[in-house]
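>>> here is my input, please return the structure:
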Amino acid sequence: MELTILILLLPLLSFLTLGIGGKWMTHRTAGLIGTVVLGTVAVLSYFTALQYFTAPRLADGTFATLMPYNMKWLSFTSTLSIDLGILLDPISVMMLIVISTVSLMVHIYSFSYMKGEQGFQRYYAFLSLFTMSMLGLVVATNIFQMYLFWELVGVSSYLLIGFYYTKPSAVAASKKAFIVTRFADLGFLIGILIYGYYTGTYTFHPDEVSLLTGGAAMVPLALGLMFIGGAGKSAMFPLHIWLPDAMEGPTPVSALIHAATMVVAGVYLVARMFPLFIDYAPDTLHIVAYVGAFTAFFAASIACVQSDIKRVLAFSTISQIGFMMVALGVCTSADPHEGGLGYMAGMFHLFTHAMFKALLFLGAGSIIHAVHSNEMSAMGGLRKYMPITHITFLIACLAIAGIPPFSGFFSKDEILAACFEFNPVMGWIMAVIAGMTAFYMFRLYYGIFWGKENKELHAKHTPHESPLAMTFPLMFLAVITCVSGFIPFGKFVSSNGHAYEIHIDLIVAITSVVIAVISIGIATYMYKGSKQPIADSLGKRFSKLWTAAYHRFYIDEIYQFITHRIIFGCISRPIAWFDHNVVDGFFNFLAWGTNTTSDEIRGLQSGQIQQYAYVFLLGALGLILILLL
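Residues are numbered from 1 along each chain as shown. Take a look at the predicted model:
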């Protein structure tokens, strides 16, 4: 575990090398440097995980929390300081595997997908920075160190989303992502400051004495503000608006952002602070669950009508992150046997979702690479042209729909079991949303691979299977998606180190599978054929609802109205007028008065001694008269 520092240093060196010297390198050299470095990081991450999970456990059967590196950076008081180091515990080690695996697949995939792109070296430099930032975030030893890497993730995502900087929509999307998440991060920062002030530490486990002497009363507020930052990063309603537009970046970037890194940062934050949530802010944790549930339903509703395949997957990501938040929020105990099942379920779903969502996005990139369009109308019938992409995409769709034996079934079943344990109403709500997931994913699947073929477009450009550099990551992730559900996840990653044997709740499992199969059947009936009369009829009958969902229920327009009409128009403009006319006018008046007075009296400083003596004499006589009178 002494080599864990290289997990951060290697991608940082890759970023500096490619960023500074990339313009003198060929595309092949730059791509190889970035990919080999990430391959090495992945090997080191696997080695670290193997060492950690095979090491002897503590006396109570839990895994030890290790800090192979830790140094004091800033000291404020005798107790309050900021350290920099590396923290290894079950969830941070799990995240090392997730991030390094998905990032490596994206690096390999991009070698072919981004071939010939202007700025190829810059792209790989940004990938290295992004990966280093996320790795640093998950191994942070304290909340302030996490915040530093949190902001680095925001900067690097801004650079990657706006990679096509000559494209106005990409520039707008990158700015939108940066601004929205910055507003959320303000809440995160204030929460950190409150947390540090009242607990006397920035560590994840404050001293109980400081909590009992008054800090505990402020912990719910601090954690609630921190969750605002997590909600922004993980695109929870109403801070979700940046994520669909982030599709303007290269498709491999979408896979990296959506699958394993930026959008799960908020989930990881809640999981990292989970013991404090449970002990001191259970009501705040339940708010997390309600926000997650509404977000999951809201995003799934929009995904059901989108025609751009990347936007379908974007709203799918928002919905699935909602599932993870719900899983964490429905916990009533740190012990998985006593109401803490959701913690393990949320982390399990984070792991499985990372793999099959990366597979879906990279599959979408393969499809776009073949037809040169994001719209489903340009696709249809692609199964005969792209057999590998077709099979791997189908595996991912079955996984996210919750069909056994694919990984998504096991992790989503645990979430639904936790929800039913918390509240039957919450359980049924999430089961219905899971059914919606199966419906919109197979609507997407049939629209791409079975729908009416666009022969006119395909005649101009015949679709084709992607090269090996792109299909290998698809096959690799598909294999993981098939087998990762059988990993005894609860033994490794569970709340407060309490081991939990993943089990199948037959009633919940049968219910969820029946709902998923019915949803897939409805999607098959409506979308498998070359014509879609039922879908068209429903679209016309509920045209207003369909239009509202297609336009994301006009949330972006509401933001535009609030910012441009109310904030800029009704609030900022009068303030600007006051500032320009009253404040600036007052100081301009002072300047004018000073200049005018100076012009009038500057003759007094003529340099003539006779004049000075004359004025001095008159002044002296005047003072004498005043004293006499």
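>>> tell me the mean pLDDT over stretch 518-536?
For stretch 518-536, mean pLDDT is 85.
>>> tell me the SS of Glu453?
coil (DSSP: H, G, I helix; E, B strand; the rest coil).
>>> what of Ile86?
strand.
>>> correct me, but it touches Tyr69?
Yes. With contact defined as CB atoms under 8 Å, Ile86 reaches Tyr69; the gap is 4.6 Å. Every C-beta, even on glycine, is put in place using the N, C-alpha and C of the backbone.
>>> more crowded one of these two?
Using other CB atoms under 10 Å as the criterion, Ile86 and Tyr69 rank with Ile86 on top: 23 against 18.
>>> between Ile86 and Tyr69, which contacts overlap?
The overlap between the contact sets of Ile86 and Tyr69 (CB atoms under 8 Å, 6 or more residues apart in numbering) consists of 4-5.
>>> name the nearest residue to Gly22, sequence neighbours excluded.
Gln121 (3.1 Å; CB to CB, 6 or more residues apart in numbering).
>>> what is the burial count for the one you found?
The burial count for Gln121: 24, using other CB under 10 Å.
>>> give me the element it is part of.
According to DSSP states H and E, Gln121 maps onto helix 120-138.
>>> any idea which helix or strand comes after that helix?
Note on helix 120-138: by DSSP H and E, the next helix or strand toward the C-terminus is helix 143-161.
>>> list the buried ones in that next one?
Judged by neighbour count using 16 or more other CB atoms under 10 Å, the buried positions of helix 143-161 are 143-154, 156-161.
>>> also stretch 104-122?
104-114, 119-122.
>>> which of these fall in helices?
Within these, residues falling in helices by DSSP state H are 104-113, 120-122.
>>> circling back to that earlier point, the residue nearest to Gly22 contacts Thr17, correct?
No. Using CB under 8 Å, Gln121 makes no contact with Thr17, being 9.8 Å away.
>>> need the contact list for Tyr69.
Per CB under 8 Å, 6+ apart, neighbours of Tyr69: 4-5, 85-86.
>>> mind redoing it with 7 Å?
Contacts for Tyr69 were tallied using CB atoms under 7 Å, 6 or more residues apart in numbering; they are 5, 85-86.
>>> swap in Ile534?
Contacts of Ile534 (CB under 7 Å, 6+ apart): Met526.
>>> redo that, cut-off 8 Å
Neighbours of Ile534 in contact, by CB under 8 Å, 6+ apart: 525-526.
>>> in the host helix or strand of it, what's buried?
Per DSSP H and E, Ile534 falls inside helix 533-541. By neighbour count on 16+ other CB under 10 Å, the buried set for helix 533-541 is Ala535.
>>> how many neighbours does the nearest residue to Gln306 once chain neighbours are set aside have?
What sits nearest to Gln306 in space, not counting adjacent residues and going by CB to CB, 6+ apart, is Val312, at 4.7 Å. For Val312, the count of nearby residues is 25 (other CB under 10 Å).
>>> hang on, isn't Val312 packed against Ala303?
Yes. Counting by CB under 8 Å, Val312 touches Ala303, with 5.2 Å between them.
>>> which residues are common contacts for the two?
With CB under 8 Å, 6+ apart, Val312 and Ala303 have common neighbours Tyr440.
>>> where does the protein have low pLDDT?
Residue ranges of the chain with pLDDT under 70: 1, 60-61, 78, 207-215, 259-261, 336-338, 458-459, 494-501.
>>> name the single longest strand found in it.
Using DSSP state E to define each element, the chain has its longest strand at strand 66-75.
>>> between that strand and helix 143-161, how many degrees?
90 degrees (axes from the mean of the first three to the mean of the last three CA atoms, to 10 degrees).
>>> from the chain's centroid, how far away is the helix or strand harbouring Val517?
Element membership for Val517, per DSSP H and E: helix 506-527. Here helix 506-527 is found 29 Å from its chain centre; the criterion is CA atoms, centre = their mean, to the nearest Å.
>>> one more: stretch 318-333?
15 Å.
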